[in-house]
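Peer 1: Have a look at this fold, sequence not included:
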């Protein structure tokens, strides 16, 4: 077998990031929550406002102002550094350099022939014979050398998982960046290849596993929006192919339970940061060293054979380390990805695709008669999306019903998404009234609901529902003012969640990361009521009532806003409305909004 070699005379500079990104942990955990994606503020745009007489003011501005991204500066280890050969403590100099342990191979196999994207001889498990799309991809590291990603794309590679970091296999277990990480991330993204990232782990504790997830994600931060495939923990022993397994992970001699806990800590941290977590391990590791069925993430099976007999669940299969792909001079790891038809690449896109905004639909208010599940589709064969308590009011779509699994199913709208509930467990509310999809809940609720002003204490995600299992809808910067609904709180995933209003919609935020503003608008908000309006064109909003007041921002056509009931003021030939946005009052010409 040919050995992949990368020669370097550079010093190993191990990065320690000073910034800590807290994010809410995944299901059942209590990790800190923090956002990953910068919220971009819209810049001034065209506004329809009257300057003199009936002349329409048009102000030109850019659609959106791109925030410059800064690469986090690395902190160099100070003073008396020892000169060591690049990769001296890199566990990748074992398997990734071609020194492959026997446990990676199929039974009785001494290796596997060289495969290419267009020419291979592999039999897939029968479970993937129907209902799945099978994609071919590669995983790469510095051990693959310089890569011509344009050629890789042209060769037919569907995806790439890029090593961005590793933990040294020595007792110190130092975290280091893969020297080729940035170049490979940029090259793959520029070539239009979907990417995931991985870290070659040597973590022996949950704390180390979380650090590894944070470290890997930080390195790829510039490309965070492009990391649509999993963030992976490569959980394997270091082996040089001659002396057998060794290194800190092997020497820790973790029990199956302890090793699984370490992997789950990584998965929880990655999920809390908004990524899809996955654990990579060979068949032997999955079968004898881990409780694979208890891992809270996807499984990437490494088994170098033409037909794997691994019976556990897996979504990726690394079937060879001796692939040949145009654009890569070394032998490369070859993989398959099994994508269930109808699924989407990421959880965030999946959740957004399920929402419907048909303005022609009307809804009627119902109440649940007991504690009941609601689902992603009409039928018990669909997954449970959540549970409603008895007496919970929901907006049920008029005219929709479907029979499945012995029930009649109704479709209802919640947080902008469609869900399904058995009609047996709901009844029409006595105060029900048929209304448009968006305004019925927001307008009526805003007249009854009161709010307090809170401020975020850090950069933090907000979600479509109460819990880290709900999709991330956006990120708020530190010290952002929000209007938190008075009296609402719900415990889920180790946090107390608050509900708040933003652009006419309800969202959810962990209470740990907000605090009541010293100038809280509790008293004023309890007296002030709002109606939901929509903009009829792209229009500026201002710091005060009148075109002489400064422009504070621009709203796109169709944006929903909460307009203060009873307020109007004439200035510069317009009637101005006052509306609430991110806890602050702004002003907009009434001519360019209409009641939703």
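Peer 2: It's in. All figures in this text were calculated on a predicted structure; none of them were measured in a lab. Residues are numbered from 1 along each chain as shown.
Peer 1: In the helix or strand hosting residue 454, which residues are buried?
Peer 2: Element membership of residue 454 [criterion: DSSP states H and E] is strand 451-456. Across strand 451-456, burial judged by 16 or more other CB atoms under 10 Å covers 451, 452, 453, 454, 455, 456. All C-beta atoms are positioned from the backbone trio N, CA, C, and that covers glycine.
Peer 1: what's the farthest-apart pair in these?
Peer 2: Greatest spacing in those, by CB to CB: 451 and 456 (15.3 Å).
Peer 1: picking that back up, dump the buried residues of strand 451-456 into CSV; add pLDDT and distance to residue 130 as well.
Peer 2: Formatted as CSV, those follow (pLDDT from 0 to 100; distance: CB to CB, whole Å):
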residue, pLDDT, distance to residue 130
451, 87, 51
452, 89, 54
453, 91, 54
454, 92, 51
455, 92, 53
456, 91, 47
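Peer 1: So for the residue nearest to residue 370 when sequence neighbours are not counted, what's the pLDDT?
Peer 2: Counting by CB to CB, 6 or more residues apart in numbering, residue 370 lies nearest to residue 390, which is 5.1 Å off, once chain neighbours are set aside. On pLDDT, residue 390 comes in at 87.
Peer 1: Secondary structure element for residue 390, which one?
Peer 2: Counting by DSSP H and E, residue 390 is found in no helix or strand.
Peer 1: same question, the one 4 residues further on
Peer 2: Secondary structure assignment for residue 394, by DSSP H and E: strand 393-397.
Peer 1: Pairing partners for that strand, with directions?
Peer 2: As defined by DSSP bridges, the strand partners of strand 393-397 come to strand 362-368 (antiparallel), strand 407-414 (antiparallel).
Peer 1: Nearest to residue 160 among those would be which one?
Peer 2: Checked against CB to CB, the stretch from the strands paired with strand 393-397 lying closest is strand 407-414, at 37.2 Å.
Peer 1: So which bits of the closest one are buried?
Peer 2: Buried residues in strand 407-414 (16+ other CB under 10 Å): 407, 409, 410, 411, 412, 413, 414.
Peer 1: likewise stretch 126-140?
Peer 2: Those would be 128, 132, 136, 137, 138, 139, 140, for stretch 126-140 by 16+ other CB under 10 Å.
Peer 1: looking at the sheet around the fourth one, what are its partners?
Peer 2: For residue 137, the residues forming beta bridges with it (DSSP bridges) are residue 159, residue 335.
Peer 1: thought it was touching residue 335?
Peer 2: Yes. With contact defined as CB atoms under 8 Å, residue 137 counts as touching residue 335 (4.8 Å).
Peer 1: what is in contact with those two at once?
Peer 2: Common contacts of residue 137 and residue 335 (CB atoms under 8 Å, 6 or more residues apart in numbering): 159, 161.
Peer 1: hmm, back to that, helices or strands up against the strand holding residue 454?
Peer 2: strand 481-485, strand 495-502, strand 514-516, helix 522-527 (3 or more CB pairs under 8 Å, 6 or more residues apart in numbering; DSSP states H and E).
Peer 1: Nearest to residue 342, out of these?
Peer 2: strand 495-502 (30.0 Å).
Peer 1: so what does the closest one touch, helix or strand wise?
Peer 2: Partner elements for strand 495-502 (3+ CB pairs under 8 Å, 6+ apart): strand 451-456, strand 481-485, strand 490-492, strand 505-510.
Peer 1: Partner strands of the first one, with direction?
Peer 2: Sheet neighbours of strand 451-456, with direction, are listed as strand 481-485 (antiparallel), strand 514-516 (antiparallel) (DSSP bridges).
Peer 1: so how far is the longest one from its chain's centroid?
Peer 2: From the chain centre to the centre of strand 481-485 is a distance of 24 Å (CA atoms, centre = their mean, to the nearest Å).
Peer 1: now stretch 582-589
Peer 2: 30 Å.
Peer 1: Go ahead and name everything in contact with it.
Peer 2: 48-50, 453-455, 480-483, 502, 517, 521, 535, 539-546, 549, 552-553, 555, 561, 563-564, 569, 574-580.
Peer 1: can you give me the strands in the stretch 151-300 of the chain?
Peer 2: For the stretch 151-300 of the chain, strands defined by DSSP state E, counting those that start in this stretch occupy the ranges 159-167, 175-177, 195-201, 227-235, 238-239, 245-246, 277-282, 298-302.
Peer 1: Report the mean per-residue pLDDT for the last one.
Peer 2: In this model, strand 298-302 carries a mean pLDDT of 96.
Peer 1: The following helix or strand past that strand to strand 159-167, inter-axis angle?
Peer 2: Downstream of strand 298-302, the next assigned helix or strand under DSSP H and E is strand 316-323. Counting by axes from the mean of the first three to the mean of the last three CA atoms, to 10 degrees, strand 316-323 lies at 80 degrees to strand 159-167.
Peer 1: what's strand 316-323 packed up against?
Peer 2: Using 3+ CB pairs under 8 Å, 6+ apart, strand 316-323 sits against strand 277-282, strand 298-302, strand 332-340.
Peer 1: Low-confidence regions, the stretch 1-150 of the chain specifically.
Peer 2: Judged by pLDDT under 70, the stretch 1-150 of the chain has its weakly predicted residues at 1-87, 106-120.
Peer 1: what does the chain give?
Peer 2: Looking at the chain by pLDDT under 70, you get 1-87, 106-120, 241-243, 343-360, 416, 431-448, 518-527.
Peer 1: before we move on, back to that, do you know which of the strands of the stretch 151-300 of the chain lies nearest residue 495?
Peer 2: strand 277-282 (19.0 Å).
Peer 1: could you say what helices and strands that closest one packs with?
Peer 2: By 3+ CB pairs under 8 Å, 6+ apart, strand 277-282 packs against strand 227-235, helix 256-272, strand 298-302, strand 316-323.
Peer 1: Out of the ones you listed, which one sits most buried?
Peer 2: Mean neighbour count (mean count of other CB atoms under 10 Å) peaks for strand 227-235 among the helices and strands packed on strand 277-282, with a mean of 26.
Peer 1: Determine the set of other helices and strands touching that one.
Peer 2: Here strand 227-235 touches strand 159-167, strand 195-201, helix 206-219, helix 256-272, strand 277-282, strand 298-302, going by 3+ CB pairs under 8 Å, 6+ apart.
Peer 1: now the angle from the shortest one to strand 332-340?
Peer 2: Read that as strand 298-302. Using the same axes, to 10 degrees, strand 298-302 lies at 140 degrees relative to strand 332-340.
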